[in-house]
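**Student:** need a structure here:
(4 chains)
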Number of protein chains: 2
Amino acid sequence: MATFDVKNIGHLRPAISRGETMPSPCAACSIRHLSLCAALQENEVQEMAAIVTTLEVGAGEPLIDEGQPAVHVFNVTSGAIRVYKLLIDGRRQMTGFLFPGDFLGLANEETYAYSAEAVTASTVCRFPRRKIEALLIKYPRMERRLLGMASHELAAAQEQMLLLGRKNAREKIASFLLMLSRRAEQRGLPADPIFVPMSRNDIGDYLGLTTETVSRTFSDLKSKGAIELLPAGKVRLAQREHLEEVAEGA
Amino acid sequence: MATFDVKNIGHLRPAISRGETMPSPCAACSIRHLSLCAALQENEVQEMAAIVTTLEVGAGEPLIDEGQPAVHVFNVTSGAIRVYKLLIDGRRQMTGFLFPGDFLGLANEETYAYSAEAVTASTVCRFPRRKIEALLIKYPRMERRLLGMASHELAAAQEQMLLLGRKNAREKIASFLLMLSRRAEQRGLPADPIFVPMSRNDIGDYLGLTTETVSRTFSDLKSKGAIELLPAGKVRLAQREHLEEVAEGA
DNA sequence: CGCTACGTTGAGAACAATCAACCCCGGTGG
DNA sequence: CCACCGGGGTTGATTGTTCTCAACGTAGCG
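**Tutor:** Residues are numbered from 1 along each chain as shown, chains lettered A, B, ... in the order given. Coordinates of the predicted model:
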């Protein structure tokens, strides 16, 4: 047990600190085309680089705590982040899994409305919210990009509501696997043997199911030949067409 | 059965047409402070008025069909609108109920990702999407307001995911009634005897329940004295504190 | 080498869905 | 005028999917 860590802060290790003396991490950012920074021109990237801090977050470590002052926004650059809300008795609903390029921390209120933790060891770019807001005013193109990302997220949230409210366990799992596949593809990773870094419990909390039901449903899909469970958390979508049909409720 | 109506179009009756010859409907708009137009100054309101069409939509009539080209955006000015997505076998998930001031039609893609219908007779302001986009570029303040509305909606969507994935029937109904109460209050209506214009079936499709479960849960809350069912779709929240606790999962 | 976290599988329970009957009300047409 | 019809709501009986509780296997790690 660490002895001198400030709670929820000490684990966040700056990997590369403020931009001025170091080479800009943004210039070489490999996922910029996916991120908020896609909207930026060269000189604007400089301004972002000047206010960014690159952080490493270990597996399971918190990044955001619901209810805390919303002083930072983040951009995921590697790894996977889980975002969730809790009921007071501890029931948890994952509202999303974030991958490189995804944005995190948008808040209307003065406090975060959700919590976020690393699923696997991850790196994120952290920006002071106030400074980002100033940049948004200065560069409307960036604000437009952010609006685009927000409305994209909104569409995804509505799709997830359809899943949570109206799909059964098998349809939920099929939808989930296909979602991971599509997002991997967007990032230039293989669309078929997909990497599933999160636990059965995490998946359950994302889909409104229990660990056991997730496990049973995986087993069921496997026994029917629709998927194959490979070592190291990889899953092969052996019958993608079939999975698509199941996911749509056909 | 109407004989000459163009399908899904004929029922949309322009109440007041384009702004130029008519007195601007926007100038007297009573819910402007709640709407996108809250961000506008007098001369900017003129520009909105120039591109707006005010429509009346009868109870049950469609406003948006999922998959159709997203050529308009809307602002609700009276009544109530239901927004939903369907699975191919007909299962329906309501993604929201919209009331005066709420915005509708934001789309990243070229087509709508959801459908929308009037719950009760309603009026909406309709704007050509292209022209609104031009105004957003011209007036960044308006774009900022829209981003604020989008991130507010995103927070609401996450709250709804928590409800759909992790709350039981009683908690869902309690949350729903309190949501209606808060939104009525925001609009200057009484927060307590609330008006519930939508059917049990609509409520079920919003909460991920069946009609029967919604009805039973209402009856149950009534028998426990938590609510009172008044005539004309009004509901009294007799024990608001208790409902709050139930809704939070306490 | 044991501990813990995670995953799987089984048995039984529970909550909500399904199927069904009935009521009430408003609209329509005989 | 009134009988009929259809939609919405309520309630009951039964079913079924998922949850809960439990046991056990396995892999990683101190």
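**Student:** give me the beta-bridge partners of A:Val73?
**Tutor:** A:Phe127 (DSSP bridges).
**Student:** I'd assumed A:Val76 was in contact with A:Gly96.
**Tutor:** No. Between A:Gly96 and A:Val76 there is no contact under CB atoms under 8 Å: 11.1 Å. For glycine as for every other residue, the C-beta is placed from the backbone atoms N, C-alpha and C.
**Student:** and chain A, which residues reach DNA strand D?
**Tutor:** Residues of chain A lying near DNA strand D by CB under 7 Å from any atom of the strand: A:Asn168, A:Ala169, A:Arg170, A:Gly208, A:Leu209, A:Thr210, A:Glu212, A:Thr213.
**Student:** rerun at 6 Å
**Tutor:** Taking CB under 6 Å from any atom of the strand as the contact definition, chain A meets DNA strand D at A:Asn168, A:Ala169, A:Leu209, A:Thr210, A:Glu212, A:Thr213.
**Student:** roughly how far apart are the second one and A:Ala250?
**Tutor:** A:Ala169 sits 16 Å away from A:Ala250, taking CB to CB, to the nearest Å as the criterion.
**Student:** swap in the third one?
**Tutor:** A:Leu209 sits 21 Å away from A:Ala250, going by CB to CB.
**Student:** More neighbours: which of the two?
**Tutor:** A:Leu209 (23 against 11; other CB atoms under 10 Å in any protein chain shown).
**Student:** Wait, a helix at that one?
**Tutor:** No. Going by DSSP: H, G, I helix; E, B strand; the rest coil, the assignment for A:Leu209 is coil, not a helix.
**Student:** Excluding residues flanking it in the chain, which one is nearest the residue positioned nearest the centre of chain A?
**Tutor:** Centroid-nearest residue in chain A, with CA atoms, centre = their mean: A:Leu98, separated by 0.7 Å. Computed as CB to CB, 6 or more residues apart in numbering or on different chains, the closest residue to A:Leu98 that is not its neighbour in sequence is A:Ile81, at 4.1 Å.
**Student:** Okay, strands next: where are they in chain A?
**Tutor:** A:13-16, A:53-57, A:62-64, A:72-78, A:81-86, A:92-98, A:103-104, A:115-118, A:122-128, A:194-195, A:228-229, A:234-236 (DSSP state E).
**Student:** what is the rounded mean pLDDT of the third one?
**Tutor:** Across strand A:62-64, the average pLDDT comes to 96.
**Student:** is any part of the longest helix along chain A close to DNA strand C?
**Tutor:** Ranked by residue count and defined by DSSP state H, the top helix of chain A is helix A:140-166. No. Among the residues of helix A:140-166, none lie within reach of DNA strand C under CB under 6 Å from any atom of the strand; the closest is 8.7 Å away.
**Student:** How about that helix, which residues are buried there?
**Tutor:** A:140, A:142-151, A:153-155, A:157-166 (16 or more other CB atoms under 10 Å in any protein chain shown).
**Student:** and if you look at stretch A:205-218?
**Tutor:** So stretch A:205-218, judged by 16+ other CB under 10 Å, has buried residues A:Asp205, A:Tyr206, A:Leu207, A:Gly208, A:Leu209, A:Thr213, A:Val214, A:Arg216, A:Thr217, A:Phe218.
**Student:** quick one: the longest helix of chain A to strand A:92-98, angle?
**Tutor:** Counting by axes from the mean of the first three to the mean of the last three CA atoms, to 10 degrees, helix A:140-166 lies at 140 degrees to strand A:92-98.
**Student:** tell me how far helix A:140-166 is from the chain's mean position?
**Tutor:** Mean C-alpha position of helix A:140-166 versus that of the full chain (CA atoms, centre = their mean, to the nearest Å) differs by 13 Å.
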